[in-house]
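Trainee: coords please:
(one chain, ligands or ions: 2)
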Amino acid sequence: MPNRGALFTFLHRIRWFNLAVLTITPAIGLHGLRSTPLRSYTLAWAAMYYVISMLGYHRLWSHRSYNASRPLQYLLVLMGASAVQGSVYWWARGHRSHHRYTDTPLDPYNAKRGLLYSHIGWMLIKPSVKPGTADISDLKKNEVVQWQHRWYFVIIIVVGYALPAIVAGIIWGDWWGGFYYAGMWRITFVHHSVFSINSLAHYLGETPFDDKKSARDHFVSALLTMGEGYHNFHHQFPMDYRNAVKWYQFDPTKWFIAGCAALRIASHLRVFPQNEVNKAELAMKLKKLRVVQDNIQWPAQAEDLPVVSWESFRKEAQERPLLVVSGFIHDVGDFLDQHPGGRSLIRSHTSKDATAAFCGGVYEHSNAAHNLLSMMRVGVLHGGVEHVDGIAPGERLKIVDKNRSRRRQQAGTY
Ligand SMILES: [Zn+2]
Ligand SMILES: [Zn+2]
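Mentor: Ligands and ions are numbered 1, 2, ... in the order given. Presented below is the predicted three-dimensional model:
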């Protein structure tokens, strides 16, 4: 009975507890939608509590991106627990594995396995390969983290389920509304927002700092995750307390941390050197420009052209309109009628060295003219090499792939 065996193995791999939490919570919420009207105070409370739940775990516990005072540490583990997605100890360990082994089978939310898997699949099915190891010695030693881990189930009942109802019930008498909307619906939204950091933030958007891994920056994922959606930056500079580095980007978690620092309950906010951030950004911009550059035709280089004596040049110039500028021989045959200065002017300089005339003697040509002329190169004048200025204006800032040059040198082709 192989099918029965396979079914048994599959059922055995399902994380039933997670499945129950992730389905029963919205199911109860749906019941609330039908049975309890949503009041404006309750909606405001649910939204506020949503923000509180989103701020607790990531940047301090996973990345030590700042130092938090003891009261703030307690506040953060309670705020984070209200999101009902595991203790700090469990969550931060998985997240550190994710950073260390991004996009590999050892990454617990491996984005290479698809959007659905990285969003929720990893929560519902036990992986065939255990997540890669991560150093969590600091979390083992941290009393606040250990306290939260020990009492996690009690804490989530209080801050995840009871508190939302108690606040709404005591202050404006909406016990059930508080339970359904600030409780169940808020938890459902928090779950999928946080899951989006693993799924959407590895799928949607740009890679302004590096494209080696799948992490991406996008405003929509930042909006959903209280600023965690600038994930490309975050994967490059994980210990930085910011995810958004531009002033106009949406990063409430960064603002919250900066606010805590202003209140002196947080300190030592870690910031990666701006020089390195700029370097990463420039490298990606150059990479994009390199694609543009590769789609442009460039002039032949001196080493790729035949070296021609003055006598041969003069002889050849009787057959076709050739002229010398800056040590290069150019065939201007196709250009005679297009020359803005007229055909006769250019004709009067063929079979001669027209460098002085071209570079100011008759007319100081534009960079575009220099670039265009360089495309007409057919040879290098022997003895004129010392005058060769092989770099046309358009290629003075040309991007050179140092790796490619080195490989060509090693292969003897350069
Ligand atoms: Zn990530
Ligand atoms: Zn992270």
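
Trainee: Count the residues that sit near residue 38.
Mentor: Residue 38 is flanked by 15 other residues according to other CB atoms under 10 Å. Bear in mind the C-beta positions are built from the backbone N, C-alpha and C, glycine included.

Trainee: shouldn't it be in contact with residue 178?
Mentor: No. Residue 38 lies out of contact with residue 178 (CB atoms under 8 Å); the separation is 10.9 Å.

Trainee: where along the stretch 1-150 of the chain do the helices fall?
Mentor: Using DSSP state H, counting those that start in this stretch, the helices found in the stretch 1-150 of the chain span residues 2-13, 16-35, 40-54, 70-81, 88-100, 115-116, 122-124, 137-141, 143-150.

Trainee: pLDDT averaged over the longest one - what is it?
Mentor: On average, the pLDDT along helix 16-35 is 94.

Trainee: Show me how far it is from its chain's centre.
Mentor: Helix 16-35 sits 34 Å away from the centroid of its parent chain (CA atoms, centre = their mean, to the nearest Å).

Trainee: buried stuff in it?
Mentor: Buried residues in helix 16-35, counted by 16 or more other CB atoms under 10 Å: 18, 21, 22, 25, 26, 28, 29, 32.

Trainee: secondary structure element for residue 378?
Mentor: Per DSSP states H and E: residue 378 is located in strand 377-381.

Trainee: What is that strand packed up against?
Mentor: Applying 3 or more CB pairs under 8 Å, 6 or more residues apart in numbering; DSSP states H and E, one finds that strand 377-381 contacts strand 307-308, helix 310-316, strand 328-331.

Trainee: Try it again at 10 Å.
Mentor: strand 307-308, helix 310-316, strand 322-325, strand 328-331 (3 or more CB pairs under 10 Å, 6 or more residues apart in numbering; DSSP states H and E).

Trainee: contact partners of the last one?
Mentor: Same thing as strand 328-331. With contacts defined as CB atoms under 10 Å, 6 or more residues apart in numbering, strand 328-331 is touched by 299-300, 302, 305-308, 312-313, 316-317, 320-324, 350, 353-355, 358, 373-381, 384-385, 387-390, 392.

Trainee: now the longest one
Mentor: Residues outside helix 310-316 that contact it (CB under 10 Å, 6+ apart) are 306, 308-309, 322-324, 329, 331, 351-353, 378-379, 381-384.

Trainee: Check the third one too.
Mentor: Judged by CB under 10 Å, 6+ apart, the contacts made with strand 322-325 from elsewhere in the structure are 308, 310, 313-314, 316-317, 329-333, 346-359, 365, 370, 373-374, 376-381, 384, 387, 389.

Trainee: Among those residues, name the buried ones.
Mentor: Among the contacts of strand 322-325, the ones that count as buried by 16+ other CB under 10 Å are 308, 313, 316-317, 329-332, 346, 349-351, 353-355, 357-358, 365, 370, 373-374, 376-381, 384.

Trainee: so residue 245, which of the three states?
Mentor: Under DSSP: H, G, I helix; E, B strand; the rest coil, the three-state class of residue 245 is coil.

Trainee: That one against residue 273, yeah?
Mentor: No. With contact defined as CB atoms under 10 Å, residue 245 and residue 273 do not form a contacting pair (12.0 Å).

Trainee: For those two, indicate the residue with more neighbours.
Mentor: Under the criterion of other CB under 10 Å, the comparison of residue 245 against residue 273 puts residue 245 first, with 21 against 10.

Trainee: wait, what's in contact with that one?
Mentor: Counting by CB under 10 Å, 6+ apart, residue 245 has contacts 208-209, 217, 230, 233, 237, 251, 254, 271-272, 274, 277-278, 281.

Trainee: any chance of the residues you listed in TSV, with pLDDT and distance to residue 153 too?
Mentor: Formatted as TSV, the contacts of residue 245 follow (pLDDT from 0 to 100; distance: CB to CB, whole Å):
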residue	pLDDT	distance to residue 153
208	96	41
209	97	39
217	96	36
230	96	33
233	97	35
237	96	35
251	96	32
254	96	31
271	97	37
272	96	37
274	96	44
277	96	41
278	96	47
281	96	44
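
Trainee: which one of those residues has the most neighbours?
Mentor: residue 230 (30 neighbours).

Trainee: how about that residue, what does it touch?
Mentor: Residues in contact with residue 230 (CB under 10 Å, 6+ apart) are 201, 205-206, 208-209, 215-219, 221-222, 242-246, 249-251, 254.

Trainee: Make a PyMOL selection of the buried ones in those residues.
Mentor: If you want just the buried ones from those in PyMOL, going by 16+ other CB under 10 Å, the selection is:
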select buried, resi 201+205+208+209+215+216+217+218+221+222+242+243+244+245+249+250+251+254
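
Trainee: Can you flag which of the contacts of residue 230 belong to strands?
Mentor: When those are checked against strands using DSSP state E, none is located there.

Trainee: Please narrow the contacts of residue 230 to those residing in helices.
Mentor: Cross-referencing the contacts of residue 230 against helices under DSSP state H gives 219, 221, 222, 254.

Trainee: Tally up the residues packed near residue 199, please.
Mentor: Counted with other CB under 10 Å, the neighbours of residue 199 add up to 22.
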